[in-house]
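1. below are the sequence and a predicted model; questions follow.
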Amino acid sequence: MNKNSKIYIAGHRGMVGSAILKKLKQEGFENFVLKTSSELDLRNQQKVSEFFEKEKPEYVFLAAARVGGIVANNTFRADFLYDNLMIQNNIFHQSYLQKVKKLMFLGSSCIYPKLAPQPLKEEYLLSGYLEYTNEPYAIAKIAGIKMCENYRKQYHCDFISVMPTNLYGENDNYDLQNSHVLPALLRKFMEAKQNKINFVEVWGTGTPFREFLHTEDLAEACYFLMQNYSSEELINVGFGEDITIKDLALLIQKIVRYEGEIHFDTSKPDGTPRKLMDSSKIHALGWKAKINLEEGIKRILQHQFNYQYE
């Protein structure tokens, strides 16, 4: 990419897309074509075809997706499968037809089997059963990986697949029914402290391990990979360490100085026992994450909740 390249970021207002846009602007890029979901329904094949034919972007970051936590994934199973497949299929095919120079597809760590060995290596894809609660979303993302792989094989398209671990950062979703675990816990602890509630409820047993990557680090990785990676093989992007949900809750409790109790609702599902990414491939290329979890949480609390530290 050069500074005048025409760049389309699908999902530029979401957590991942907005971080990529911010990073590219910091690097001096300014020729963007951006559409909100109300301006362009990416599930509509005709509209996407007209958009690509008119705009002819040179580089595409495919960060648009229907996303959510365990409840949303498990409740809207058909919607998660249909919407994500349609978005991906339309953008992949139009990128091929309009001769996009390079496309980056953003996936998810949920593509890996529920009981795969840890840490998760790229070659573990399709080696076992998926976690049931987010299986439709995972299947859509696996289809996206295979679209990248096979458009490259058949049409020689420079399409790459990037699999981030669990993400957090600016423009996250804090809805308690649809959000992921970290933003949900941040909201719960902040509201409990502000409203003087004497306990915070955490879903599940607290025993599952999760790895968390700040979206600023992901955006750095995406910028790095767009310039330095070209392969049909997917590539993981993780922080390199994980933490139990219980310890995450305790960390947030400490950071926000909440003095109440933590109650675990064991009637709620835990999800996958552990999801630690093996990021050795991107590390070997010369990239590593920089923002540790405590620092990242403090950044969010200051930005999202206007929480000031003494």
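-> Right, received. Where do you want to start?

2. which parts of the helix or strand of the chain with the lowest mean pLDDT are buried?
-> Of all helical and strand segments in the chain, the minimum by mean pLDDT, DSSP states H and E falls on helix 70-75, at a mean of 80. For helix 70-75, a neighbour-count test (16 or more other C-beta atoms under 10 Å) marks I70, V71, A72, N73, N74 as buried. Yep, even glycine has a C-beta here, placed from its N, CA and C like the rest.

3. can you list contacts of stretch 85-103?
-> Contacting residues not belonging to stretch 85-103 are listed as 1, 5, 10, 42-45, 48-49, 51-53, 56-62, 64-66, 105, 140, 143-144, 147-148, 151, 155, 157-160, 226, 230 [C-beta atoms under 8 Å, 6 or more residues apart in numbering].

4. just the C-alpha atoms of the least confident helix or strand of the chain, please, in CSV.
-> Extracted in CSV, the C-alpha atoms of helix 70-75 (Å, rounded to 0.1, in the frame of the first residue of the first chain):
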residue,chain,number,x,y,z
ILE,A,70,-22.5,-16.4,24.2
VAL,A,71,-26.2,-15.4,24.6
ALA,A,72,-26.4,-13.6,21.2
ASN,A,73,-24.5,-16.4,19.4
ASN,A,74,-26.7,-19.1,20.9
THR,A,75,-30.0,-17.2,20.4
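
5. residues in contact with it?
-> F80, Y132, T133, N134, P136, Y137, Q177, N178, W203, P269, G271.

6. farthest-apart pair in the residues you listed, please.
-> Greatest spatial distance among the contacts of helix 70-75 (C-beta to C-beta): P136 and W203, at 20.2 Å.

7. where in the stretch 151-300 of the chain is pLDDT low?
-> 177-178 (pLDDT under 70).

8. picking that back up, how about the buried residues of helix 70-75 in a markdown table, adding distance to L248?
-> As requested, those are arranged in a markdown table below (distance: C-beta to C-beta, whole Å):
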| residue | distance to L248 |
| --- | --- |
| I70 | 15 |
| V71 | 18 |
| A72 | 20 |
| N73 | 19 |
| N74 | 21 |
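
9. closest to K196 out of those residues?
-> Among these, and counting by C-beta to C-beta, the member closest to K196 is V71, at 26.8 Å.

10. now do the helices in the stretch 101-250 of the chain.
-> Using DSSP state H, counting those that start in this stretch, the helices found in the stretch 101-250 of the chain span residues 135-155, 181-194, 215-228, 245-256.

11. where's Y59 relative to E27, distance?
-> Distance, Y59 to E27, using C-beta to C-beta, to the nearest Å: 13 Å.

12. neighbour-wise, which of these two wins?
-> Y59 (21 against 10; other C-beta atoms under 10 Å).
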